[in-house]
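1. What shape does this take:
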Amino acid sequence: MKTDADILIIGAGASGMAAALQAVRDCPEARIVLLERSDRPGKKLLTTGNGRCNLSNREIGISCYNPAAERFTQVLDNYGGDIGFFRSLGLMTREDAEGRVYPLSGQASSVLDVLRFAVASSGAKIICSAEVTGISEEGSGFTVTTADGRQFTSRKVIAAVGSPAGAHGYDNKQLISSFRRRGIRLRPFSPALVYLSVDELPAQLRGTRVQAEATLRLEDGRSFSETGEVQFGEGYVSGICVMDLSREYDGEAGAGIEFDLCPELTAEDIAENLETARISRADAPASAALTGLVPKAVGETVLKQCCKDVFRRKTGSLTAEEILSITELVKRFRLRVSGKGPFRSAQICTGGTDELNGSTLESTVCRGLYFCGEIVDVDGKCGGYNLHWAWASGRAAGAAAAAALNE
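-> Coordinates of the predicted model:
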């Protein structure tokens, strides 16, 4: 069968370009074509890390990902050295205090440029404005069809098609349907690393930030906790810790989020501090009783819910029962979760396929078809873990497809 390519890659984003580069390294004579739906490759990369591209993390491990990722431990083990990969392309990097890895330039465009330049130098061909809408098996290879009716044939295909997340995401509905007709199962996408919508958020908290431990409690009894800065908005809560928790929420009714607004102190410490304030600052406004423990707006919100007429009272008037109530609310401030942000606001998605070989990422139901990046059912927390998966999975799929050609 005469083909247009030996390896055709659907998508010229992070994982697609990584796949192309690895395939060229392992099989230099292979004809590699990338089909990109946008007018230029890698658009989504430019928005990552607030434009700085948090491309990896020094603490990569399977525990940083969802449980389904355990199937692909070998991919992360075999292709975990992404810093060396980028240095081989001429990109220098740096780590921040939390282990997040960025390009030394501090610009996401640097990451995209070294990838584009390397792909161009490799001989691989990127065809833009080529949105793939269908795939079919053709003899010993595949035919892919684009939205404008073009057809491309290839011996192997790597699907690096991304997800609906972000400003440059898209839903791939036609292509996803085509995969499903091939018998490939894909778990529906859901926005992740995104804010959570909440009911009855006190207006006084809007625009406030506080260091807290956030616990998402689902209706089935499961709970998940993260610690960090929480940001209260108009009808939503955000911050890295909340965004990490959004990966576990899929719209369950009855879910709630609970905040320990002062995680550094025990309940006993807080109660003792309030008792000390009651005695030493007896004539101070009761609405300021939590001064020094939490931000002013947070403290006033808690005190208003626990104490009647708190703005007309003195700290010395607080009763033992009120001190207990205040302490309990500081340690367990609860809100009902009503939803989460839309796809366009999300950094990633949960969902995708896991019916793949754990080391090669080849489909177990459609030989010669490989998957990488966001369309695989692997999602990680904030901190560079998801881009690390894009590089590692792309390189794994590229290596496997090249090895299959060599066979």
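2. Which strands and helices lie in contact with the helix or strand of the chain with the lowest mean pLDDT?
-> When the helices and strands of the chain are scored by mean pLDDT, DSSP states H and E, helix 82-87 comes last with a mean of 86. Helices and strands touching helix 82-87, by 3 or more CB pairs under 8 Å, 6 or more residues apart in numbering; DSSP states H and E, are strand 93-95, helix 385-406. Every C-beta, even on glycine, is put in place using the N, C-alpha and C of the backbone.
3. So which of these is the most surrounded?
-> helix 385-406 (a mean of 25; mean count of other CB atoms under 10 Å).
4. Extract the C-alpha set from it and format it as CSV.
-> Output of helix 385-406 as CSV, limited to C-alpha atoms (Å, rounded to 0.1, in the frame of the first residue of the first chain):
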residue,chain,number,x,y,z
TYR,A,385,2.8,17.3,35.8
ASN,A,386,0.4,17.5,32.9
LEU,A,387,2.9,18.9,30.4
HIS,A,388,5.4,16.4,31.7
TRP,A,389,2.8,13.7,30.7
ALA,A,390,2.5,15.3,27.3
TRP,A,391,6.2,15.1,26.6
ALA,A,392,6.6,11.6,28.1
SER,A,393,3.6,10.0,26.4
GLY,A,394,4.4,11.7,23.1
ARG,A,395,7.9,10.4,23.1
ALA,A,396,6.7,6.9,24.2
ALA,A,397,4.1,6.8,21.3
GLY,A,398,6.7,8.1,18.8
ALA,A,399,9.3,5.5,19.9
ALA,A,400,6.7,2.7,19.7
ALA,A,401,5.5,3.7,16.2
ALA,A,402,9.0,4.0,15.0
ALA,A,403,9.9,0.6,16.4
ALA,A,404,6.9,-1.0,14.7
LEU,A,405,8.1,0.5,11.4
ASN,A,406,11.6,-1.0,12.0
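5. Check the offset of it from the chain's centre.
-> From the chain centre to the centre of helix 385-406 is a distance of 19 Å (CA atoms, centre = their mean, to the nearest Å).
6. What helices and strands are in contact with it?
-> strand 5-10, helix 14-26, strand 56-57, helix 73-78, helix 82-87, strand 151-159, strand 369-371.
7. Can I get the longest one in PDB, CA atoms only?
-> Right, the one you point to is helix 14-26. The C-alpha coordinates for helix 14-26 follow below in PDB (Å, rounded to 0.1, in the frame of the first residue of the first chain):
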ATOM      1  CA  ALA A  14       3.000  19.500  23.000                       C
ATOM      2  CA  SER A  15       2.600  15.700  22.800                       C
ATOM      3  CA  GLY A  16       2.400  15.600  19.000                       C
ATOM      4  CA  MET A  17       5.600  17.400  18.400                       C
ATOM      5  CA  ALA A  18       7.400  15.400  21.100                       C
ATOM      6  CA  ALA A  19       6.100  12.200  19.300                       C
ATOM      7  CA  ALA A  20       7.500  13.400  16.000                       C
ATOM      8  CA  LEU A  21      10.900  14.200  17.400                       C
ATOM      9  CA  GLN A  22      11.300  10.900  19.100                       C
ATOM     10  CA  ALA A  23      10.100   9.000  16.000                       C
ATOM     11  CA  VAL A  24      12.700  10.800  13.900                       C
ATOM     12  CA  ARG A  25      15.400  10.000  16.400                       C
ATOM     13  CA  ASP A  26      14.500   6.300  16.400                       C
END
